[in-house]
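**Q** I'll drop the sequence and a predicted model, then ask my questions.
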Amino acid sequence: QSALTQPASVSGSPGQSITISCTGTSSDVGGYNDVSWYQQHPGKAPKLMIYDVSKRPSGVSNRFSGSKSGNTASLTISGLQAEDEADYYCSSYTSISTFEFGGGTKLTVL
Amino acid sequence: QVQLQESGPGLVKPSDTLSLTCTVSGGSISGYYWSWIRQPPGKGLEWIGHIYYSGNTNHNPSLKSRVTISVDTSKNQFSLKLSSVTAADTAVYYCARDRTLPFRYFDYWGQGTLVTVSS
């Protein structure tokens, strides 16, 4: 059982927007802005998509955005494209100086 | 461009110690934390632990005292040892670079190496 809770799956049609939630506690997501999101295609290493709740690394499309409210962080992908189909994981720093991951969300582009 | 490459045995016997090394190229190991993260087949990511280039470490409490992480700055490498392995430790093991304050996240990852625990 993962420390952070994500929906197992989400889906959307090309051009639509989807949002993936990541729920933790005040000891992780709620207590720190060190929330990051990773995209993982099958057989590949995870790729950083969002850090510090809402910042995008250089080279990541502005269709990806992040936010946080209380103990829940969210990743929104707008203008869905076929290449966005992948697994997405949230991560948070914690009050005991460790990192946690969510269980992962499989995004299907219909 | 920083690159990370995991290396080590792909098969480990139950109760033995799993040993992996991550070689960092394209940048110095100094000044950063370096993590080990694993992913059992078909499952999610689990943070194992990390080490600062100076040797300070921290690890996932769920793995208790089975984890040892070390660093060799002269070789630009860091290593993982996981003792008393069982089938539950079968996973793809990734090494990654931590970014620390002001923002903590993993910006560079190795390609991962599958370690199977089986007799």
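**A** Received, thanks.
**Q** Count the residues that sit near residue B:37.
**A** The number of residues packed near residue B:37 is 27, by other CB atoms under 10 Å in any protein chain shown. In short, each C-beta sits where N, CA and C put it, glycine included.
**Q** For the residue nearest the centre of chain B, which three-state class applies?
**A** By CA atoms, centre = their mean, the mean C-alpha position of chain B lies nearest to residue B:36, the distance being 2.5 Å. What DSSP: H, G, I helix; E, B strand; the rest coil gives for residue B:36 is strand.
**Q** mind checking which helix or strand the residue lying closest to it once chain neighbours are set aside is in?
**A** Setting aside the residues directly before and after it, residue B:36 is nearest to residue B:48 in space (CB to CB, 6 or more residues apart in numbering or on different chains), at 4.1 Å. Using DSSP states H and E, residue B:48 sits in strand B:46-52.
**Q** That strand: what's the following helix or strand?
**A** Moving toward the C-terminus from strand B:46-52, the next helix or strand (DSSP H and E) is strand B:57-59.
**Q** Partner strands of that next one and their direction?
**A** Sheet pairing of strand B:57-59 (DSSP bridges) gives strand B:46-52 (antiparallel).
**Q** how deep is residue B:75 tucked in, by neighbour count?
**A** Residues near residue B:75, counting by other CB under 10 Å: 12.
**Q** show me what contacts residue 60?
**A** Using chain A. A:48, A:49, A:50 (CB atoms under 8 Å, 6 or more residues apart in numbering or on different chains).
**Q** not quite, I wanted chain B
**A** Residue B:60 is in contact with A:98, B:46, B:47, B:48, B:49, B:67, counting by CB under 8 Å, 6+ apart.
**Q** swap in residue B:78?
**A** B:21, B:22, B:24, B:29, B:34, B:51, B:69, B:70, B:71, B:72, B:95.
**Q** so after the strand ranked longest in chain A, what's the next helix or strand?
**A** Secondary structure of chain A per DSSP state E: the longest strand is strand A:86-93. Following strand A:86-93 in sequence order, the next helix or strand is strand A:99-101 (DSSP H and E).
**Q** Can you give the strand pairings for that following strand, parallel or anti for each?
**A** In its sheet, and by DSSP bridges, strand A:99-101 pairs with strand A:86-93 (antiparallel).
**Q** And for the partner strand, what's in contact with it?
**A** Defining contact as CB under 8 Å, 6+ apart, one finds that strand A:86-93 is touched by A:4, A:6, A:20, A:22, A:24, A:28-29, A:32, A:34-42, A:46, A:49, A:73, A:75, A:99-102, A:104-107, B:44-45, B:47, B:104-106.
**Q** rerun at 6 Å
**A** Contacts with strand A:86-93, where a contact means CB atoms under 6 Å, 6 or more residues apart in numbering or on different chains, come from A:4, A:20, A:22, A:24, A:28-29, A:32, A:34-41, A:73, A:99-102, A:104-106, B:45, B:104.
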